[in-house]
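Engineer: I need the structure of the sequence given here:
(2 chains)
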Protein chains: 2
Amino acid sequence: MGKRIILGSASPRRRELLRQIGVEFEVMVSKGEEKYKSAVPEEIVKELALEKAENVSEEIEKCTKKDLVIIGADTIVVLGGEILGKPVDEADAFRMLKSLQGRVHRVYTGVALLDFDAKGRKQTTVHAEKTDVYVHEMGQEEIRRYIATKESMDKAGAYGVQGKFASYIDRIEGDYYNVVGLPIAYVYRQLKQTGWEQ
Amino acid sequence: MGKRIILGSASPRRRELLRQIGVEFEVMVSKGEEKYKSAVPEEIVKELALEKAENVSEEIEKCTKKDLVIIGADTIVVLGGEILGKPVDEADAFRMLKSLQGRVHRVYTGVALLDFDAKGRKQTTVHAEKTDVYVHEMGQEEIRRYIATKESMDKAGAYGVQGKFASYIDRIEGDYYNVVGLPIAYVYRQLKQTGWEQ
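Structural biologist: You can find the predicted model right below:
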């Protein structure tokens, strides 16, 4: 009991997932811009997740950084070597969905946990989870209709697995919630390690 | 446009999934008891789904069975040859979850579609979808805590993939929504075949 948990993410999906498994937490989103140096998807999402968590950490006064866990996370979609982030506009979303339909892509979510104990000592764990997603063939009209739902715009790869895009997802291999934006079974186990209890 | 769609299932999850992809439908649950003869999981869920759809069909007046699609569905959980239905009580739920934790099981959902055209001619399609679900190891206390959420009682295998049980699901292979109770990508494609449009 008793550890304060801070989610360093603006994503409403991540909030919902933490709530879904019964975690009580606060949200703090850092103003910092994240940049990555790595070229490997696993490393990129780990870098970005850690930066997000560290940026939040910097905004918290040192004397209050005790019995505290900060969670950072970042999700990217990778298709044949190309990294798809969030689409910049509807034309970009169309291009992304056209490239995703009829084939498999990989979703990576990086999760960083900064765990401060009662004495303020920090332990950092960073993890990347990957899930393969098989998207059915989509007609241009179907892609346009999906974009019209407005579900595309704030999501890596221009789709949300949990909404209307469900019509086109034939199969996944890996953690489903990782595709939503947070590998929640992993987070649950890590939180248990920090001494958090349900 | 214009085909009337009837879901022959009392499951709130199945209703939510159809709504999620934008299908307008009515719900009719038949009073008939379903029984199966087969011993093979694929065949069992197909039999049960078809019976559910046929039972609903029997309760509809013949003259109104035009431009109509009836959907029946049934889900079972199979673990090492044993079929897990809905638990009869909390002790049964405990036994099921204890047997599921730390290993992989398979979820089968059967879907039957009775498609009546403008002249009342019926076309029947029946399908079984399977998904492998990897459940993390759970302590007895975790199992008890999960049962206390009351999510177990009306679900095959005593868990709901979409609720608090998410903490324990490491990985799936197949359609996620199949585990929720309806392989929605399959249903979407079949509905398109019947002439239904979004």
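Engineer: Start and end of stretch A:7-26, how far apart?
Structural biologist: One end of stretch A:7-26 to the other measures 6 Å (C-alpha to C-alpha, to the nearest Å).
Engineer: Give the buried residues for it.
Structural biologist: A:7-9, A:11, A:13-15, A:17-18, A:20-21, A:23, A:25 (16 or more other C-beta atoms under 10 Å in any protein chain shown). Every C-beta, even on glycine, is put in place using the N, C-alpha and C of the backbone.
Engineer: Return the distance of that stretch from the chain's centre.
Structural biologist: Once both centres are worked out by C-alpha atoms, centre = their mean, to the nearest Å, stretch A:7-26 turns out to sit 11 Å from its chain's centre.
Engineer: so what secondary structure elements neighbour the longest helix anywhere in chain A?
Structural biologist: Ranked by residue count under DSSP state H, the longest helix found in chain A is helix A:41-58. Secondary-structure packing of helix A:41-58 (3 or more C-beta pairs under 8 Å, 6 or more residues apart in numbering or on different chains; DSSP states H and E): strand A:68-79, strand A:104-116, strand A:122-135.
Engineer: Can I get those in TSV including mean pLDDT and mean neighbour count?
Structural biologist: What follows is the helices and strands packed on helix A:41-58, written out as TSV (pLDDT from 0 to 100; neighbours: other C-beta atoms under 10 Å in any protein chain shown):
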stretch	mean pLDDT	mean neighbour count
strand A:68-79	96	24
strand A:104-116	98	23
strand A:122-135	98	18
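Engineer: before we move on, the earlier item: chain B: which of the buried residues of stretch A:7-26 is nearest?
Structural biologist: Set against chain B, the nearest of these by C-beta to the nearest C-beta is A:Ile21 (4.6 Å).
Engineer: The closest one contacts B:Ala166, correct?
Structural biologist: Yes: counting by C-beta atoms under 8 Å, A:Ile21 touches B:Ala166, with 5.8 Å between them.
Engineer: who in chain A is up against chain B?
Structural biologist: A:17, A:20-22, A:136, A:145, A:161, A:163-164, A:166-177, A:184-185, A:188-189, A:198 (C-beta under 8 Å from any C-beta of the partner chain).
Engineer: please redo it, this time with the cut-off set to 7 Å
Structural biologist: A:20-22, A:136, A:145, A:163-164, A:166-177, A:184-185, A:188, A:198 (C-beta under 7 Å from any C-beta of the partner chain).
Engineer: ok, back up a step: what average pLDDT does the longest helix of chain A get?
Structural biologist: The average pLDDT within helix A:41-58 is 96.
Engineer: Name the SS class of the most far-flung residue of chain A relative to its centre, please.
Structural biologist: For chain A, the largest distance from the centre (C-alpha atoms, centre = their mean) belongs to A:Lys119, which lies 29.6 Å off. Following DSSP: H, G, I helix; E, B strand; the rest coil, the label given to A:Lys119 is coil.
Engineer: I'd like the distance between it and A:Lys3.
Structural biologist: 13 Å (C-beta to C-beta, to the nearest Å).
Engineer: quick revisit: which of the residues of chain A next to chain B fall in strands?
Structural biologist: If you go by DSSP state E, the residues of chain A next to chain B have A:169-174 in strands.
Engineer: Most widely separated two among those residues?
Structural biologist: A:Asp170 and A:Gly174 (14.3 Å; C-beta to C-beta).
Engineer: Show me which of these two is the more surrounded one.
Structural biologist: A:Gly174 (20 against 17; other C-beta atoms under 10 Å in any protein chain shown).
Engineer: List the contacts of the more buried one.
Structural biologist: Taking C-beta atoms under 7 Å, 6 or more residues apart in numbering or on different chains, we find A:Gly174 in contact with A:130-132, B:171.
Engineer: One more pass at 6 Å, please.
Structural biologist: A:131-132, B:171 (C-beta atoms under 6 Å, 6 or more residues apart in numbering or on different chains).
Engineer: With A:Ile71 instead?
Structural biologist: Per C-beta under 6 Å, 6+ apart, neighbours of A:Ile71: A:7, A:113.
Engineer: can we see that at 8 Å?
Structural biologist: A:5-9, A:25, A:53, A:111-113, A:187 (C-beta atoms under 8 Å, 6 or more residues apart in numbering or on different chains).
Engineer: okay, these in CSV with distance to B:Asp92 next?
Structural biologist: Output for the contacts of A:Ile71, formatted as CSV (distance: C-beta to C-beta, whole Å):
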residue, distance to B:Asp92
A:Ile5, 34
A:Ile6, 40
A:Leu7, 37
A:Gly8, 42
A:Ser9, 39
A:Phe25, 34
A:Ala53, 42
A:Val111, 35
A:Ala112, 41
A:Leu113, 37
A:Val187, 30
